[in-house]
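[1] Need the 3D shape of this:
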Amino acid sequence: MNFQEIAQYIYRRTGHPDSPVTEVATRIKQFINARHREIMTAEGMGDLRQFTFEFASDTTNAEYALPQVITRIIAIHERTNDVPMFRMTLKDYRLFNADPSSFEGTPNWYVELGQSAVAKQPSDASEIFVVSDAAGDTAITPYLEFVQAQIYPRNITRPLLNGVTAVSADTSVKDVTHVTDFYLSAAAVGDVTLLEDSGVGTELARIKIGDTRARYKRIALVPKPESAVTYFVDGEIEIRDMVQNTDEPLIPVDFHWVLAEAALHDEFIKKEKHEEANRALNKHLNGVKALKNYVTNPPDHLPVIGFSRLRGTSRLGPFFPADRIIG
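    This is a model prediction of the structure:
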């Protein structure tokens, strides 16, 4: 079932026409999206959100920004040196590696540095520009919060975007050192990019079509890479609201009805039909139990397995025997 089909199921069950008034359609679609998030963030549902992203390191940076779709890191690995990557706390990172630029090698650890509105900060005190890749984006107001000259917190409300022509956030401010937030008054038709120094300068952030702000998860590799290597990040993707009629939930197709019954319950409550609401709620709760079992207990699942029982490739080099199963 896609977004439209779920909504129409609820319209019909609750006595609304297939094309109800805007108020009803908006409310029911909000119920669907809210319930979708509730189901997908329940314990055990993480496997349905797994996603693998690739990024390339370089020899000049220890810190990197992961795309907005990743909300939680499960693991990071690289296949060039076959070196396992372990998580390090930020506190240990600062104690162990006070000057990241002075410590190079093959990374064994990664550190989560939190969420940021930009993928990278200005390389020096700079003027900041904003541009869209859609000519029609001329009625959107960009907002910028930043630190000026390393000291002074400021914010700028740029009057309007000018489509594909880059505009300065403020021609009188040429010493932005840190950007703390960047967002739009409404979703744009195209991608909106924040640039350093000029309209073709280094990209600091990008707000994608349909969004009003950018979010990046920042990490550091320890030590700083001494060569360019491709890293693979296993993570959980964010739960996006369904907007288009053809959007589908992240829930397996056979369990879409579980989401429909949850939102149906909410609409019955709104219409004060409590008996029908209770029936929908019971079906939803039973469906959630079945869904959790479906996700967490696949047919080939081994309930208890230790790492020592896994057959793998030795990471100790050619002069050591390969890993063996220990009985």
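[2] tell me the helices in the stretch 151-300 of the chain, going along the chain?
    Ranges of helices in the stretch 151-300 of the chain, per DSSP state H, counting those that start in this stretch, are 256-270, 274-296.
[3] tell me the angle of the last one relative to helix 256-270?
    It refers to helix 274-296. Put simply, helix 274-296 runs at 150 degrees to helix 256-270, going by axes from the mean of the first three to the mean of the last three CA atoms, to 10 degrees.
[4] Any idea which of the helices of the stretch 151-300 of the chain gets closest to residue 75?
    Nearest to residue 75, of all the helices of the stretch 151-300 of the chain, is helix 274-296, at 18.7 Å by CB to CB. All C-beta spots, glycine's among them, are computed from the backbone N, C-alpha and C.
[5] which residues sit against the helix or strand hosting residue 92?
    Applying DSSP states H and E as the criterion places residue 92 in helix 90-96. The contact list for helix 90-96, computed with CB atoms under 8 Å, 6 or more residues apart in numbering, reads 88, 109, 111-113, 220, 222.
[6] Turn these into JSON lines, including pLDDT and neighbour count.
    As requested, these are exported to JSON lines (pLDDT from 0 to 100; neighbours: other CB atoms under 10 Å):
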{"residue": "88", "pLDDT": "94", "neighbour count": "17"}
{"residue": "109", "pLDDT": "93", "neighbour count": "19"}
{"residue": "111", "pLDDT": "95", "neighbour count": "22"}
{"residue": "112", "pLDDT": "94", "neighbour count": "17"}
{"residue": "113", "pLDDT": "91", "neighbour count": "16"}
{"residue": "220", "pLDDT": "94", "neighbour count": "21"}
{"residue": "222", "pLDDT": "92", "neighbour count": "22"}
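[7] Next up, the contacts around residue 172.
    Applying CB under 8 Å, 6+ apart to residue 172 gives no contacts.
[8] any idea how far it lies from residue 116?
    Residue 172 is 26 Å from residue 116, where distance means CB to CB, to the nearest Å.
[9] Tell me which helix or strand in the chain has the weakest average pLDDT.
    strand 152-157 (a mean of 79; mean pLDDT, DSSP states H and E).
[10] buried sites along the helix or strand containing residue 30?
    Following DSSP H and E, one finds residue 30 within helix 22-40. Across helix 22-40, burial judged by 16 or more other CB atoms under 10 Å covers 24, 28-29, 31-33, 35-36, 39-40.
[11] what do you get for stretch 287-304?
    287-288, 291, 295.
[12] Let me know the closest of those residues to residue 201.
    Closest approach between the buried residues of stretch 287-304 and residue 201, by CB to CB: residue 295, at 45.4 Å.
[13] what's the nearest residue to that closest one if we skip its chain neighbours?
    Nearest residue to residue 295, sequence neighbours excluded (CB to CB, 6 or more residues apart in numbering): residue 47, at 5.4 Å.
[14] count of residues packed around the one you found?
    The local packing of residue 47 (other CB atoms under 10 Å) involves 10 other residues.
[15] what's the answer for residue 78, then?
    For residue 78, the number of neighbouring residues by other CB under 10 Å comes to 19.
[16] Relative to residue 232, how far out is it?
    Residue 78 is 7 Å from residue 232, by CB to CB.
[17] okay, now residue 50: neighbour count?
    Neighbours of residue 50 under the rule other CB under 10 Å: 12.
[18] my read: it touches residue 234, true?
    Yes: Residue 50 lies in contact with residue 234 (CB atoms under 8 Å); the separation is 6.6 Å.
[19] Quick check: neighbours shared by these two?
    Listed as contacting both residue 50 and residue 234 by CB under 8 Å, 6+ apart are residue 74.
[20] Might you report the residue contacts of residue 184?
    140-143, 192, 207, 212-213.
[21] now, which of the residues you listed sits nearest residue 227?
    residue 207 (32.4 Å).
[22] Neighbours of residue 73, how many?
    Using other CB under 10 Å, residue 73 has 18 neighbouring residues.
[23] Report the contact partners of it.
    Counted by CB under 8 Å, 6+ apart, residue 73 has contacts 66, 87, 110, 112, 217, 219, 233-235.
[24] rewinding a little: quick one: secondary structure of the residue nearest to residue 295?
    Going by DSSP: H, G, I helix; E, B strand; the rest coil, the secondary structure assigned to residue 47 is helix.
[25] If I follow the layout properly, it ends up in contact with residue 297?
    No: Residue 47 is beyond contact range of residue 297, at 11.0 Å (criterion: CB under 8 Å).
[26] residues in contact with the spatially most central residue of the chain?
    Centroid-nearest residue in the chain: residue 69, 2.6 Å away (criterion: CA atoms, centre = their mean). If you count contacts by CB under 8 Å, 6+ apart, residue 69 has them with 51, 53, 237-238.
[27] if you set the cut-off to 10 Å instead, what comes out?
    49, 51, 53, 208, 215, 217, 235-238, 240 (CB atoms under 10 Å, 6 or more residues apart in numbering).
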